[in-house]
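Trainee: Provided below for reference: sequence and predicted model.
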Amino acid sequence: MIKFSNVSVDYPYSEGLSNVNVEFKDKEFAFVLGPTGSGKSTLLRLIYMDIYPTNGRVDVKNWSSKKITARKIRKLRKNIGIVFQDFRLIQNLSVFENVALPLIINGYPRKYIKRKVEAILDEIGLLNSLRQKAGTLSKGEAQRVGIARAVVKNPFVILADEPTGNLDPDSSVTVFNLLRKINKLGTAVIMATHDYLLIKDAPNRRILMDNGKILKK
Amino acid sequence: MRSFYILKQTVYNIWSARVPVMIAIITIGISLSVLIGIAEITYKLYSTVEEIRKEFEIDIFLEPEISSSQRAIVERKLKNIHQIKSYKFVSKEDAAKIFFKEFGENIFDILSYNPLPASYKIKLYGKMTHVEIVDNVVKRINKINGVDEVKYHSDLLILMEKYFLIIMIIGGSIIFVLLLAMNIFIRNTIKLSVYSRRSQIFILQLLGSGKIFLKSPFILEGLFEGLIGGFFAAAILYFFHDIAYETAIYLFNYNLKEINYLWGISIAVGGIIGVFASSTSVNKFVRIFAKDDY
């Protein structure tokens, strides 16, 4: 589903990635572990084509970093859910509107959007907050909304970049369990984290990174 | 749902930047009212000049003893000058009648003979009434046998062309500067909006948003500023209508009742400027704040 072939990324003042070869399978839950600056975020950004490899290629389903166009990037991103450490919600929009945004962009009808968003908000326990402005949510709630927004468009993969990095331990567990639940329903999840304690009992594959290199797949 | 979202974001953008938006609207309003006023005056002057050109005549006085065959030759040669639109023969008798009409006295009673020569009154095509062209035509006419004298108001033509050119240059320059000022104000407010929404633009991109969806709220914001500015300009024009009416009658003998249609022009011009300025601005700044792949 996602394949990195001899991928290197050069940043002006540091090395982003160095000759990375790794593959992610359909419906897999994988952790990308490593300290800050190890290349975890770079790896994820390459998947949603926010950056391109300096060398090598990244293949995501039928899209390749070698020949992707701006139009195709938009299409790719419509099929990928992204969860950020800092949530990246639109503060002036309500919880409902934030979650509905990917569906609005895709031009779904109002009734469908309402049904779908309410179902997901119910699932994550925020149905009662649907009119609340995103800017007024707690961090834990904001991240749950971020996950809901990522999952609402039925992506084939969710890329979670330090999703628990800004959360307290209880909220971290809630968010982590939510991602596991989503994965059990058939969506692949690639989660970059350095919270080893949180995932220590999880049976999933761990990809260990340091200094832009993969130490263990 | 998309339209609703775009409209909501437009309203939010306008409300968030309400002070710059208001300044832009006031600037557009004042600039547009001055611009339309100047454009109107310039247009009126242009119409007046064109009217004068249409009525411009050259008098060709024939030699006193000209025979009818000689006159036929003069007439044929006049026909060959392609700048001439029409000509009218005024006989000695007709000239005497005109004299009587204009001065109320019979020329025969004053002098006991008619010294007034036969003449032709010719009109040129509108575009041919520029000083240089007229001078050339006059030179050609002067060479025709049987022509005694050619008279025309060259001073009027020179004056008209000189001042009309000055007014056109000044008017055009003011209009250009005002258009530029409006453009800059709209662009600045849109730039502020795009800048304050840069993280939102990034998020929308990551969600797979297309260009139209991304840009629409900003272009609508520009349209709003332009339309309200245009409406404000129309209100200013209406408010000063009485003063303008008196001034126009006094200066140009021009009835400004026709100003009613300026409402529409003002709002339409405002809207067009708004969309133009915001589109160019949003194209530039969204590209700066967005990622390369945009």
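Mentor: Noted; the coordinates are in hand.
Trainee: apart from its chain neighbours, what residue comes closest to the residue nearest the centre of chain A?
Mentor: Closest to where the C-alpha atoms of chain A average out (CA atoms, centre = their mean) is A:Leu159, at 2.2 Å. Spatial nearest neighbour of A:Leu159, chain neighbours left out: A:Leu44 (4.7 Å); criterion: CB to CB, 6 or more residues apart in numbering or on different chains. In this view, the C-beta of every residue, glycine as well, is placed from N, C-alpha and C.
Trainee: show me what the helix or strand where the one you found lies is packed up against.
Mentor: Assigned by DSSP states H and E, A:Leu44 belongs to helix A:40-47. With contacts taken as 3 or more CB pairs under 8 Å, 6 or more residues apart in numbering or on different chains; DSSP states H and E, helix A:40-47 sits against strand A:2-10, strand A:15-24, strand A:29-33, strand A:55-60, strand A:157-161, strand A:188-193.
Trainee: please produce TSV containing the ones you listed, extended by mean pLDDT.
Mentor: Formatted as TSV, the helices and strands packed on helix A:40-47 follow (pLDDT from 0 to 100):
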stretch	mean pLDDT
strand A:2-10	93
strand A:15-24	90
strand A:29-33	94
strand A:55-60	95
strand A:157-161	95
strand A:188-193	95
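Trainee: out of these, which comes closest to B:Met182?
Mentor: strand A:157-161 (43.8 Å; CB to CB).
Trainee: list the contacts for residue 182?
Mentor: The chain I'm using is chain A. A:Ile147, A:Val151, A:Ile158, A:Val189 (CB atoms under 8 Å, 6 or more residues apart in numbering or on different chains).
Trainee: should've been chain B
Mentor: By CB under 8 Å, 6+ apart, the neighbours of B:Met182 are B:Thr27, B:Ile28, B:Ser31, B:Leu32, B:Gly229, B:Ile273, B:Ala277.
Trainee: where's it relative to chain A, distance?
Mentor: 28 Å (CB to the nearest CB, to the nearest Å).
Trainee: quick check: phi and psi at that residue.
Mentor: When read as degrees, to the nearest 10, the backbone of B:Met182 gives phi -60, psi -40.
Trainee: and the helix holding A:Leu44, what's its mean pLDDT?
Mentor: Across helix A:40-47, pLDDT averages out at 93.
Trainee: what's the answer for stretch B:214-225, then?
Mentor: Mean predicted confidence for stretch B:214-225 is 90.
Trainee: could you do stretch B:199-208 as well?
Mentor: 86.
Trainee: what residues of that stretch count as buried?
Mentor: Buried residues in stretch B:199-208, counted by 16 or more other CB atoms under 10 Å in any protein chain shown: B:Gln200, B:Ile201, B:Phe202, B:Ile203, B:Leu204, B:Gln205, B:Leu206, B:Leu207, B:Gly208.
Trainee: and the residues you listed, which is closest to chain A?
Mentor: B:Gly208 (3.7 Å; CB to the nearest CB).
Trainee: contacts only, for that closest one.
Mentor: A:Arg74, A:Lys75, A:Leu76, A:Arg77, A:Lys78, A:Pro102, A:Ile105, A:Asn106.
Trainee: that one: what secondary structure?
Mentor: coil (DSSP: H, G, I helix; E, B strand; the rest coil).
Trainee: equivalent analysis for A:Val175, please.
Mentor: Per three-state DSSP, A:Val175 ends up helix.
Trainee: how about it, what does it touch?
Mentor: Here A:Val175 is in contact with A:Gly140, A:Gln143, A:Arg144, A:Ile147, A:Pro163, A:Thr164, A:Leu167 (CB under 8 Å, 6+ apart).
Trainee: let's have the residues you listed in JSON lines, adding secondary structure.
Mentor: Listed next are those as JSON lines, based on three-state DSSP:
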{"residue": "A:Gly140", "secondary structure": "helix"}
{"residue": "A:Gln143", "secondary structure": "helix"}
{"residue": "A:Arg144", "secondary structure": "helix"}
{"residue": "A:Ile147", "secondary structure": "helix"}
{"residue": "A:Pro163", "secondary structure": "coil"}
{"residue": "A:Thr164", "secondary structure": "coil"}
{"residue": "A:Leu167", "secondary structure": "coil"}
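Trainee: up against chain B, what does chain A have?
Mentor: Residues of chain A lying near chain B by CB under 8 Å from any CB of the partner chain: A:48-50, A:70, A:73-78, A:82, A:88-90, A:92, A:97, A:100-110, A:113, A:149.
Trainee: what subset of the residues you listed is buried?
Mentor: A:48-50, A:73-74, A:76-78, A:82, A:88-90, A:92, A:97, A:100-106, A:108, A:113, A:149.
Trainee: just the ones of these in strands?
Mentor: A:Ile82 (DSSP state E).
Trainee: what is the end-to-end distance of stretch B:100-111?
Mentor: Using CA to CA, to the nearest Å, the end-to-end distance of stretch B:100-111 comes to 13 Å.
Trainee: give the buried residues for that stretch.
Mentor: Those would be B:Ile107, for stretch B:100-111 by 16+ other CB under 10 Å.
Trainee: quick one, which of the contacts of A:Val175 has the minimum pLDDT?
Mentor: A:Leu167 (87).
Trainee: what count of nearby residues applies to A:Ile214?
Mentor: Using other CB atoms under 10 Å in any protein chain shown, A:Ile214 has 21 other residues around it.
Trainee: show me the shaky parts of chain B.
Mentor: B:126-128, B:241-242, B:244-245, B:248-249, B:251-260, B:285-294 (pLDDT under 70).
Trainee: mind listing the helices in it by residue range?
Mentor: B:2-16, B:18-55, B:68-79, B:92-103, B:107-111, B:131-142, B:154-196, B:198-206, B:211-239, B:241-252, B:262-289 (DSSP state H).
Trainee: what does chain B have sitting close to chain A?
Mentor: Proximity of chain B to chain A, by CB under 8 Å from any CB, involves residues B:1-2, B:5, B:12, B:16, B:199-200, B:202-210, B:213, B:291, B:293-294.
Trainee: go again with 6 Å.
Mentor: B:1-2, B:5, B:12, B:200, B:203, B:206-210, B:213, B:293 (CB under 6 Å from any CB of the partner chain).
Trainee: residues contacting the spatially most central residue of chain B?
Mentor: Centrality entry for chain B: nearest residue to the mean C-alpha point is B:Tyr43, 3.5 Å, by CA atoms, centre = their mean. Contacts for B:Tyr43 (CB atoms under 6 Å, 6 or more residues apart in numbering or on different chains) come out as none.
Trainee: I'd like to know how far it sits from chain A.
Mentor: Where chain A is concerned, B:Tyr43 sits at a distance of 46 Å (CB to the nearest CB).
Trainee: so for the residue lying farthest from the centre of chain A, what's the pLDDT?
Mentor: Of all residues in chain A, A:Lys111 has its C-alpha farthest from the mean position, at 26.7 Å, by CA atoms, centre = their mean. Reading off the confidence values, A:Lys111 has pLDDT 93.
Trainee: tell me which element it falls in.
Mentor: Going by DSSP H and E, A:Lys111 is in helix A:110-123.
Trainee: tell me what that helix is packed against?
Mentor: helix A:95-105 (3 or more CB pairs under 6 Å, 6 or more residues apart in numbering or on different chains; DSSP states H and E).
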